[in-house]
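Let's see this in three dimensions:
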Amino acid sequence: MSGFVEKPEPQQVPGLTHLHTGKVRDLYRNEAGDLVMVASDRMSAYDWVLPTEIPDKGRVLTQLSLWWFELLADLVPHHVISSEVPAGAPADWAGRTLVCRSLEMVPVECVARGYLTGSGLVEYDHSRTVCGLALPEGLVNGSELPAPIFTPATKAAVGDHDENVTYEEVARQIGAETAAQLRQTTLAVYGRARDIARERGIILADTKFEFGFAGEELVIADEVLTPDSSRFWPAATWEPGRAQPSYDKQYVRDWLTSPESGWDRTSERPPPALPQQVVDATRAKYIEAFEQLTGTSWA
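As a prediction, the model looks like this:
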């Protein structure tokens with residue numbers, strides 16, 4: 001059992017039709033047929049959407065995505081039409097709303113890894129592979145890979161795990177030509193972003209992208225290179241052989257699995273509300289990532 005602890009009711013806005021409530025984003029369609037994505041402050045961990053929100057999180061994700069979309073536009077077009085709040089929408093939608101082209105989405109999470117960690121580390125320790133790709137001996141938690149790799153995953157519903165799959169399986173499902181285009185674009189975008197982040201003192205360990213097609217044109221969609229979709233590590237403290245400090249929801253994960261929370265993640269019981277100090281520390285990390293990457297002050 002997993003999913004929402006408390007599933008929110010969608011906002012009713014004149015001229016918008018509610019389509020979907022995701023872990024973080026609410027999706028609507030306007031009368032012109034465009035998609036309206038609203039990034040909430042919801043926080044997910046261990047396949048649960050938690051009952052406690054992180055203030056400003058949705059705005060950080062939206063504004064950071066917009067910053068990256070522009071930097072990557074020469075590599076791949078993005079889906080954003082505007083960031084104007086639709087007439088009649090709640091004032092709280094300001095800064096967290098994107099009006100986007102409607103695309104034919106590719107049902108694959110396009111993951112790029114430049115460092116060994118997470119589920120990749122688990123597989124590597126077992127078989128010296130990640131998503132079936134052979135890697136050299138001697139790598140440890142946090143090691144930089146000889147070259148970035150494309151490790152796709154299936155896109156799961158709320159409450160389910162994304163599952164790593166081989167490139168060959170992706171090619172079988174969506175066609176060899178499309179799979180090759182996804183791999184090439186994913187690695188090109190990762191390489192650009194990795195270099196930009198490193199110049200700003202941040203290691204982009206891995207990240208995931210979503211793509212869709214507008215006719216024959218491949219378009220990058222959803223969010224891009226945020227603390228929700230990427231592992232960002234401080235370059236100054238990077239040290240292979242241990243878990244790395246990160247700019248993401250690690251405070252939340254650590255507290256949920258601590259004795260203080262009293263929660264057993266293997267049970268079917270929903271996770272508890274987060275204490276204020278965990279909320280504050282997590283918000284600070286998201287804002288720190290935004291400020292260090294963009295060079296601008298959040299306030």
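
Please enumerate the helices of this structure.
For the chain, applying DSSP state H gives helices covering 57-72, 118-127, 167-174, 176-199, 250-256, 276-294.

got the angle for the fourth one vs helix 276-294?
Taking axes from the mean of the first three to the mean of the last three Cα atoms, to 10 degrees, helix 176-199 and helix 276-294 form an angle of 100 degrees between their directions.

Helix 176-199 to helix 167-174, inter-axis angle?
130 degrees.

Alpha carbons of helix 176-199, as PDB, please.
Extracted as PDB, the C-alpha positions of helix 176-199 are listed here (Å, rounded to 0.1, in the frame of the first residue of the first chain):
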ATOM      1  CA  ALA A 176      14.900   1.400 -32.400                       C
ATOM      2  CA  GLU A 177      14.900   4.900 -34.100                       C
ATOM      3  CA  THR A 178      13.000   6.600 -31.300                       C
ATOM      4  CA  ALA A 179      15.100   4.800 -28.600                       C
ATOM      5  CA  ALA A 180      18.300   6.000 -30.200                       C
ATOM      6  CA  GLN A 181      17.000   9.500 -30.400                       C
ATOM      7  CA  LEU A 182      16.100   9.500 -26.700                       C
ATOM      8  CA  ARG A 183      19.500   8.100 -25.700                       C
ATOM      9  CA  GLN A 184      21.400  10.700 -27.800                       C
ATOM     10  CA  THR A 185      19.300  13.600 -26.600                       C
ATOM     11  CA  THR A 186      19.300  12.500 -22.900                       C
ATOM     12  CA  LEU A 187      23.100  12.200 -22.900                       C
ATOM     13  CA  ALA A 188      23.600  15.500 -24.700                       C
ATOM     14  CA  VAL A 189      21.400  17.400 -22.300                       C
ATOM     15  CA  TYR A 190      23.000  15.700 -19.300                       C
ATOM     16  CA  GLY A 191      26.500  16.600 -20.600                       C
ATOM     17  CA  ARG A 192      25.600  20.300 -21.000                       C
ATOM     18  CA  ALA A 193      23.900  20.400 -17.600                       C
ATOM     19  CA  ARG A 194      26.700  18.600 -15.800                       C
ATOM     20  CA  ASP A 195      29.300  21.100 -17.100                       C
ATOM     21  CA  ILE A 196      27.100  24.100 -16.200                       C
ATOM     22  CA  ALA A 197      26.500  22.700 -12.700                       C
ATOM     23  CA  ARG A 198      30.200  21.900 -12.100                       C
ATOM     24  CA  GLU A 199      31.100  25.500 -13.000                       C
END
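
can you list contacts of it?
Helix 176-199 is contacted from outside by 68, 71-72, 75-76, 106, 108, 110-112, 114, 148, 150, 152, 167, 170-171, 174, 203-204, 207, 209, 211, 218, 220, 224-225, 232, 235, 293, using Cβ atoms under 8 Å, 6 or more residues apart in numbering. In short, each C-beta sits where N, CA and C put it, glycine included.

Mark which of the residues you listed are buried, thanks.
Buried members of the contacts of helix 176-199, scored by 16 or more other Cβ atoms under 10 Å, are 68, 72, 76, 106, 108, 110-112, 114, 148, 150, 152, 167, 170-171, 174, 203-204, 207, 209, 211, 218, 220, 224-225, 232, 293.

before we move on, back to that, can you say which of the helices of the chain is packed in most?
helix 57-72 (a mean of 21; mean count of other Cβ atoms under 10 Å).

got any ranges where this structure has weak pLDDT?
Scanning the chain for pLDDT under 70 picks out the ranges 1-2, 156-162.

Show me the longest strand that occurs in the protein.
strand 202-214 (DSSP state E).

Each with direction, which strands does that strand pair with?
According to DSSP bridges, strand 202-214 forms sheet pairs with strand 104-105 (antiparallel), strand 108-115 (antiparallel), strand 217-221 (antiparallel), strand 230-234 (antiparallel).

Tell me which of the ones you listed lies nearest to Tyr46.
strand 230-234 (16.4 Å; Cβ to Cβ).
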